[in-house]
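Novice: 3D, please:
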Amino acid sequence: MLLNCDMGESFGVWKMGVDELLMPHIDLANIACGGHASDPDVMSATLQLAKQHQVSVGAHPSYADIAGFGRRTIPYQAEQLSRLIVTQVGALAALADYHQVSLDYVKPHGALYNDMHQDPGIFEAVCKAVAGFKRPLKLMVHASQCSESLLDTAQHYQLELLKEAFCDRRYLANGQLQARSQSGAVLSEQQQVLAQVQQLLDCASVTCADGSQLTLQADTLCVHGDNEVAVSTIQAIKQLITSQL
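Specialist: Reported below is the predicted structural model:
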């Protein structure tokens, strides 16, 4: 089970996260590429950090929404959205080539990530953009939100999917994440997080907010770590996964 984490979300003199502390403990780095955060210097530094720790690199594009950190839905025509994604992924791909780092996958960010699972047109625009690169890139998706229609679209574009589950978020019975505005939506206690990871490893499932069980077939677990306390939790998750080998 691979750990993925959002990285490179600083911008200019504004610093976000503790990437240098997190990178040694993850397997996949989702690097922001200008839509919601980051700039050429931040992208370059994050790529070099990933290279140093032999971490696989993915592009983390979003709606063009730096002010809202990519968390607001912005309506685009399908072709406009595809071009927007190509521009962001292409920028990171060019810098990855410059630093002799392999770009391996794409994980949309924030509202774009949520919207593509709910709107087949948005998902197809994302797939078209990712499939348009000469190098084969995988697409990371929400493991519990992969409908047959989305799977068919990915297959049409010959895209390999990376299915992810969340270590620190509470799920609803329909497979969606509980809204952050609701109490208990984010698992803040380390033991809660480790218990959910253990259940995913042992049973390929999570316990939902209503107590029901939701089956999840995941390739990777998303971890969030924007402070030093979170780093210790990620270290514990990594140790738990390693102990299962």
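Novice: for the spatially closest residue to Ala185 that is not a sequence neighbour, what are its contacts?
Specialist: Nearest residue to Ala185, sequence neighbours excluded (C-beta to C-beta, 6 or more residues apart in numbering): Gln178, at 4.1 Å. All C-beta atoms are positioned from the backbone trio N, CA, C, and that covers glycine. With contact taken as C-beta atoms under 8 Å, 6 or more residues apart in numbering, Gln178 is in contact with 169-172, 184-185, 209.
Novice: If you rank the residues you listed by neighbours, which is first?
Specialist: Within those, Tyr171 tops the neighbour count with 24 neighbours, counted by other C-beta atoms under 10 Å.
Novice: Assess the claim that that residue and Leu214 are in contact.
Specialist: Yes - here Tyr171 lies in contact with Leu214, judged by C-beta atoms under 8 Å, at a distance of 5.5 Å.
Novice: Please enumerate the shared neighbours of those two.
Specialist: Common neighbours of Tyr171 and Leu214 (C-beta under 8 Å, 6+ apart) are 144, 206, 208.
Novice: Okay, and which of those map to helices?
Specialist: Restricting the shared contacts of Tyr171 and Leu214 to those inside helices, with DSSP state H as the criterion, leaves an empty set.
Novice: Counting neighbours, which of the residues you listed end up buried?
Specialist: Listed as buried from the shared contacts of Tyr171 and Leu214 are 144, 206, 208; burial here means 16 or more other C-beta atoms under 10 Å.
Novice: Excluding covalently adjacent residues, which one is nearest to the first one?
Specialist: Just to be clear, that refers to Ser144. Leaving aside its sequence neighbours, Ser144 sits nearest to Gly175 (C-beta to C-beta, 6+ apart; 3.4 Å).
Novice: Name the SS class of the one you found, please.
Specialist: Of the three states, Gly175 takes coil according to DSSP: H, G, I helix; E, B strand; the rest coil.
Novice: can you pull the contacts of it?
Specialist: By C-beta under 8 Å, 6+ apart, the contact list for Gly175 reads 142, 144-145, 214.
Novice: Now do the buried residues in the helix or strand harbouring Leu240.
Specialist: Assessed by DSSP states H and E, Leu240 sits inside helix 228-243. For helix 228-243, the buried set under the neighbour-count rule, 16+ other C-beta under 10 Å, comprises 230-231, 233-234, 236-238, 241.
Novice: and if you look at stretch 158-178?
Specialist: 159, 161-172, 175, 177-178.
Novice: Just the helices from this protein, written as ranges.
Specialist: Per DSSP H, the chain carries helices over the ranges 19-22, 40-52, 78-98, 110-118, 120-131, 148-156, 190-203, 228-243.
Novice: Can you tell me what sits against the last one?
Specialist: Translated: helix 228-243. Counting by C-beta under 8 Å, 6+ apart, the neighbours of helix 228-243 from elsewhere in the structure are 1, 3, 5, 18, 21-22, 25-26, 167-168, 190, 193-194, 197-198, 201, 221, 223-225.
Novice: ok and that helix relative to helix 190-203, angle-wise?
Specialist: Going by axes from the mean of the first three to the mean of the last three C-alpha atoms, to 10 degrees, helix 228-243 is angled at 30 degrees with respect to helix 190-203.
Novice: Now go through the shared contacts of Tyr171 and Leu214 and say which are in strands.
Specialist: Val206 (DSSP state E).
Novice: Hmm, Val223 is touching Ala165, no?
Specialist: No - between Val223 and Ala165 there is no contact, the gap being 10.7 Å when judged by C-beta under 8 Å.
Novice: which ones are touching the residue nearest to the spatial centre of the chain?
Specialist: For the chain, the residue nearest the mean C-alpha position is Lys107 (4.9 Å; C-alpha atoms, centre = their mean). Listed by C-beta under 8 Å, 6+ apart, the contact set of Lys107 reads 4, 30, 58-60, 113, 139-140, 162, 164.
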